[in-house]
Structures are given as C-alpha cells and as structure tokens.
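**Q** task: produce atomic coordinates for the following.
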Amino acid sequence: MSDLIRTDAFERLRRETARHPYPLVFATISGAHLYGFPSPDSDHDLRGCHLLPLREVVGLDVGRETIETSMKDGSFELDLVTHDARKFLGLLLKKNGYVLEQLNSPLIVHTTPEHEELKAIARGCITRHHAHHDFGFAETQWRLFEKEHPQRVKPLLYTYRVLLTGIHLMQTGQVEANLVQLNEEARLSHVADLIACKLAGPEQSTIDDGDFAFHRGEYERLVARLEAAHRASTLPDGPSARPALNDLLITMRLGSIGPSPS
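**A** Residues are numbered from 1 along each chain as shown. Below is the predicted model of the structure:
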C-alpha cells in the first residue's frame with residue numbers, strides 16, 4: 001500500500017468495501033492517490049467491479065448495474081463506484097482508459113483470483129486508439145484550468161498526468177497512472193514542483209499568474225508528443241480479448257467469487 005494512504009484510512013476503506021451489497025471481483029483506489037499527488041484533504045476514490053447474481057441478470061428485475069456511494073465522516077471522505085462485471089468488461093472493450101487504470105491500480109483494497117485473471121486478459125484490450133481517451137481527458141482538464149481565476153494546481157496536474165500516461169502507453173503498451181513514476185522518465189522539474197505543492201497544500205492550491213504561458217507551451221508540446229507516439233505506436237487497432245472476457249464472465253456468473261487468501 002502506498003505511503004500516501006494512512007493505515008487507518010486504508011482499514012476504513014476495507015470496512016466500507018465489506019459492506020458492498022454484491023460480491024466484488026476487485027476494489028482499488030483511483031484518483032489523486034493513484035496518480036501520486038493527493039492533498040492532505042483529498043477524498044478517497046474507490047473503484048471496482050461487482051458481480052450480480054444469476055437471478056438478477058436473467059429475471060425481469062435486473063440488479064444494480066452501477067453502484068455509487070459517497071460519504072464524509074470527519075476528515076474521511078469516500079467516493080465509491082463499482083460496475084457489474086458485464087458492464088465493466090464492455091467498457092474495457094470500448095477502449096475506456098479509466099477502467100483500464102482502475103483494473104491495474106496497485107492500490108488494492110479487495111482482490112480475488114478472478115481479478116488477476118482479468119488483468120491478464122485485459123492486456124488484449126489495449127489498443128493504439130486508447131490515445132483518443134487521453135487526448136480528450138487532457139483537453140477537458142486543460143480547458144478547466146485555462147478558464148479558472150485563480151488557476152488551480154489540480155487540473156494542471158491531471159493534464160500532465162494523462163498526457164504522460166498516454167505517451168507511455170503508446171510507446172510501451174504498459175498502463176502507468178502514477179505521475180511520480182512517469183516523471184522519473186520524463187524528468188520535468190516543473191511537474192515535480194507541482195506535485196510537491198499539491199502534496200503539501202490543500203486541494204484548491206493555485207499557481208502564480210505569470211506561469212500560465214509556460215504551462216500552455218508545455219501542454220502543446222506534450223500533446224504533440226502524444227500525437228507522434230500514437231502515429232508510431234505498434235499497438236493493435238482493435239482488442240483481441242473479447243472471447244476470453246466472454247468466457248470469464250460466464251465462469252464468474254455461474255460460479256462464485258471470494259476474496260483471495262491473505
């Protein structure tokens with residue numbers, strides 16, 4: 001577990017996960033903690049995949065495909081979202097970068113043998129077109145940053161993070177969502193400074209007005225790098241994992257899910 005997550009917070013996440021109404025394939029931590037730059041007051045984004053029982057899939061009354069829960073208790077704040085396995089696997093096949101990162105998050109709160117199997121199969125879902133997700137998310141975050149006054153560090157870090165994630169994915173085929181790890185290769189001193197600011201300050205930390213032009217130039221440079229990496233990528237154009245995902249879903253639906261041995 002990351003040093004950025006306190007032991008008491010992690011145990012609280014495990015207790016909340018245990019209250020989930022359906023068996024979980026996995027539950028992992030996403031958001032700023034996964035990306036490597038949580039503020040002291042950042043909430044905990046818990047994401048995962050649950051399994052509806054067979055009777056809630058084949059009957060007239062279909063179970064809850066997506067479950068969302070938000071809570072705040074003192075300094076502890078939780079945002080939980082899980083999808084039923086059929087929906088989650090469908091999102092993987094649609095080149096959804098969010099679920100790919102959630103599946104591969106090293107910040108694991110709950111896991112099962114099926115989680116490990118799914119991670120292995122999901123490598124066949126990675127395509128060169130995942131870059132479009134990164135382009136879109138980066139543009140959204142940059143526009144948010146651009147129009148704010150004062151301008152916050154958070155959307156700027158999210159912009160850098162997704163662009164470097166996309167470049168790394170196009171070049172290596174490996175999912176890496178942690179900006180600290182990504183920046184060990186990129187060696188961008190201004191990114192390291194922004195991470196330090198976010199780690200030390202509140203969620204709403206801001207940058208100096210005079211830095212905007214520099215960051216705009218860096219945004220445009222990294223977009224161009226991602227475009228070049230996308231053009232040069234040897235990743236496939238489409239996923240190959242659909243048959244294996246279909247078999248896994250049937251096996252899970254007809255069987256049972258339990259946590260992996262601790």
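**Q** what secondary structure does the closest residue to His44 other than its chain neighbours sit in?
**A** Spatial nearest neighbour of His44, excluding adjacent residues (C-beta to C-beta, 6 or more residues apart in numbering): Leu78 at 5.2 Å. Every residue, glycine included, has its C-beta placed from N, CA and C. Of the three states, Leu78 takes strand according to DSSP: H, G, I helix; E, B strand; the rest coil.
**Q** looking at it, Leu78 is touching Leu13, isn't it?
**A** Yes: proximity of Leu78 to Leu13 meets the contact threshold set by C-beta atoms under 8 Å, at 7.2 Å.
**Q** what touches both of those two?
**A** Common contacts of Leu78 and Leu13, defined by C-beta atoms under 8 Å, 6 or more residues apart in numbering, comprise His44, Leu46.
**Q** now the helices for the stretch 101-250 of the chain?
**A** According to DSSP state H, counting those that start in this stretch, the stretch 101-250 of the chain carries its helices in the segments 113-122, 130-147, 153-172, 179-186, 189-200, 212-232, 242-254.
**Q** kindly compare burial across the ones you listed and name the winner.
**A** Sort the helices of the stretch 101-250 of the chain by mean neighbour count, taking mean count of other C-beta atoms under 10 Å, and helix 153-172 sits at the top with a mean of 24.
**Q** so that helix versus helix 189-200, what angle?
**A** Taking axes from the mean of the first three to the mean of the last three C-alpha atoms, to 10 degrees, one finds helix 153-172 and helix 189-200 inclined to each other by 130 degrees.
**Q** how far off centre is helix 153-172?
**A** Between the mean C-alpha location of helix 153-172 and the chain-wide mean there is a distance of 12 Å, by C-alpha atoms, centre = their mean, to the nearest Å.
**Q** that one packs against which elements?
**A** Counting contacts by 3 or more C-beta pairs under 8 Å, 6 or more residues apart in numbering; DSSP states H and E, helix 153-172 is packed against helix 31-35, helix 97-104, helix 130-147, helix 179-186, helix 189-200, helix 212-232.
**Q** closest one to Ala241 among these?
**A** Closest of those to Ala241 is helix 97-104, at 11.5 Å (criterion: C-beta to C-beta).
**Q** tell me which residues in the closest one are buried?
**A** Along helix 97-104, the positions that meet the burial threshold by neighbour count (16 or more other C-beta atoms under 10 Å) are Gly97, Val99, Leu100, Glu101, Gln102, Leu103, Asn104.
**Q** got the domain boundaries for this structure?
**A** Domain assignment for the chain, taken from automatic domain parsing, gives 7-126+240-254, 130-232.
**Q** any chance of these in TSV, plus mean pLDDT?
**A** TSV is the format used below for the domains of the chain (pLDDT from 0 to 100):
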stretch	mean pLDDT
domain 7-126+240-254	95
domain 130-232	95
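**Q** sorry, back to before: okay, Leu78 and Leu13: which has more neighbours?
**A** Summary of the neighbour comparison: Leu78 and Leu13, criterion other C-beta atoms under 10 Å, with Leu13 having more neighbours (23 against 18).
**Q** tell me which strands and helices the one helix or strand that one maps to is in contact with?
**A** Taking DSSP states H and E as the criterion, the element that holds Leu13 is helix 7-18. With contacts defined as 3+ C-beta pairs under 8 Å, 6+ apart, helix 7-18 has these neighbours: strand 24-30, strand 44-50, strand 76-84, strand 108-110.
**Q** name the helices or strands packed onto the first one?
**A** Okay, so that is strand 24-30. Contact partners of strand 24-30 among helices and strands, from 3+ C-beta pairs under 8 Å, 6+ apart: helix 7-18, strand 44-50, strand 76-84, helix 97-104, strand 108-110, helix 113-122.
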